[in-house]
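> From the sequence below, what's the structure:
(one chain, ligands or ions: 2)
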Amino acid sequence: MYMRHFARLFSAMAGPRPVVFSGPSGAGKSTLLKKLMKEYDSVLGFSVSHTTRNPRPGEENGKDYHYVTREVMQAAINKGEFIESAVFSGNMYGTSKAAVQDVQAKNLICILDIDMQGVKNIKGTDLNPIYISIQPPSMAVLEKRLRDRKTESEENLQKRLHAAMLEMDFSKEPGVFDAIVVNDNLEEAYGQLKQALLEEINNVKKINMSS
Ligand SMILES: Nc1ncnc2c1ncn2[C@@H]1O[C@H](COP(=O)(O)OP(=O)(O)OP(=O)(O)O)[C@@H](O)[C@H]1O
Ligand SMILES: Nc1nc2c(ncn2[C@@H]2O[C@H](COP(=O)(O)O)[C@@H](O)[C@H]2O)c(=O)[nH]1
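Ligands and ions are numbered 1, 2, ... in the order given. Prediction:
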């Protein structure tokens, strides 16, 4: 009884557990995350990463990413402002300490969308997130989705497909991910994702209601 009370109290003090989303480019991470953030906007907050890539049509600076030059990003990394950073498909990406702190200060579940290098680096920190891998039903479907998205040059597309194979191999390593969601039918994948996160979401709702 006391132990249960103490465990609940400790988890409330430590704040909600963040959630890391990873998986091949084009698997549908952003699509699923946008749905999730819309339905649970009172409990989830997005960690806005920095990147040196150009914004895509419709993307907003400060909302989808902080778009910066290599010089600015490297200087911030050198100053120790990042929890993790990586080069993906020729561009730099990274999670700043401020991005995570901004979300955690509001007592929200912090959502990170990062590649496998980021996952490896976060595993060496004390962030202690839930790790979820979003995967395509096949490499052929992945390629079609990436081509249909029309955001990548042929060269970038090939880099992303190569990285996708490494991401898929990485996800098979035992213990890396807490849940794997295959995004074939979008609604079914979304249902599985919610199932994987429902306990944490409900915990945060309860704590926030009682405070
Ligand atoms: N279940 C699905 N069925 C069909 N198309 C989908 C599905 N999920 C996502 N898509 C489409 O696939 C494309 C890739 O999805 P999305 O941009 O969400 O992937 P991502 O994993 O976030 O990629 P990246 O890592 O490159 O940002 C988008 O055009 C999206 O509309
Ligand atoms: N290690 C990190 N990876 C990140 C971060 N933000 C995004 N990403 C990953 O990059 C690729 C490509 O993203 P795109 O928006 O250019 O398609 C994708 O796998 C993201 O998950 C980050 O801060 N750190």
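
> quick one, longest helix in the protein?
In the chain, taking DSSP state H as the definition, the longest helix is helix 186-210.

> right, quick check: that helix against ligand 1, any contact?
Yes - with Cβ under 6 Å from any ligand atom as the criterion, ligand 1 is reached by helix 186-210 at L186, A189. For every residue, glycine as well, the C-beta is placed using N, CA and C.

> in that helix, what counts as buried?
Under the neighbour-count criterion of 16 or more other Cβ atoms under 10 Å, helix 186-210 has A189, Y190, Q192, L193, K194, A196, L197, E200, I201, N203, V204, I207 buried.

> ok, so of the residues you listed, who is nearest K38?
Lowest distance from K38 to the buried residues of helix 186-210 (Cβ to Cβ) belongs to Y190, with 10.9 Å.

> Where does the residue of the chain found nearest ligand 2 sit, in terms of helix or strand?
Nearest residue of the chain to ligand 2: G118, at 2.7 Å (Cβ to the nearest ligand atom). Taking DSSP states H and E as the definition, G118 sits inside helix 116-122.

> Which strands and helices lie in contact with that helix?
Packing partners of helix 116-122 (3 or more Cβ pairs under 8 Å, 6 or more residues apart in numbering; DSSP states H and E): strand 19-22, strand 82-88, strand 91-96, helix 154-171.

> Tell me how many other residues surround the residue of the chain closest to ligand 2.
22 (other Cβ atoms under 10 Å).

> wouldn't K97 be in contact with S85 here?
No - with contact defined as Cβ atoms under 8 Å, K97 does not count as touching S85 (11.5 Å).

> Who has more neighbours out of the two?
S85 (22 against 11).

> do you know how far the closest residue to that one other than its chain neighbours is from S47?
Leaving aside its chain neighbours, S85 sits nearest to G94 (3.2 Å; criterion: Cβ to Cβ, 6 or more residues apart in numbering). From G94 across to S47, the span is 11 Å (Cβ to Cβ, to the nearest Å).

> Could you check stretch 81-90 and say which residues are buried?
E81, F82, I83, E84, S85, A86, F88, S89.

> And ligand 2, is that stretch touching that?
Yes - using Cβ under 6 Å from any ligand atom, we find that stretch 81-90 touches ligand 2 at E84, A86, F88.

> Next, the distance between the ends of stretch 169-180.
Start and end residues of stretch 169-180 are separated by 13 Å (Cα to Cα, to the nearest Å).

> what about it and ligand 2, any contact?
No - judged by Cβ under 6 Å from any ligand atom, stretch 169-180 and ligand 2 are separated, with a smallest distance of 11.8 Å.

> May I see the buried residues of that stretch?
F170, S171, V176, F177, I180.

> Any idea how far that stretch is from the middle of the chain?
15 Å (Cα atoms, centre = their mean, to the nearest Å).

> what's the answer for stretch 90-103, then?
For stretch 90-103, the distance to the chain centre is 11 Å (Cα atoms, centre = their mean).
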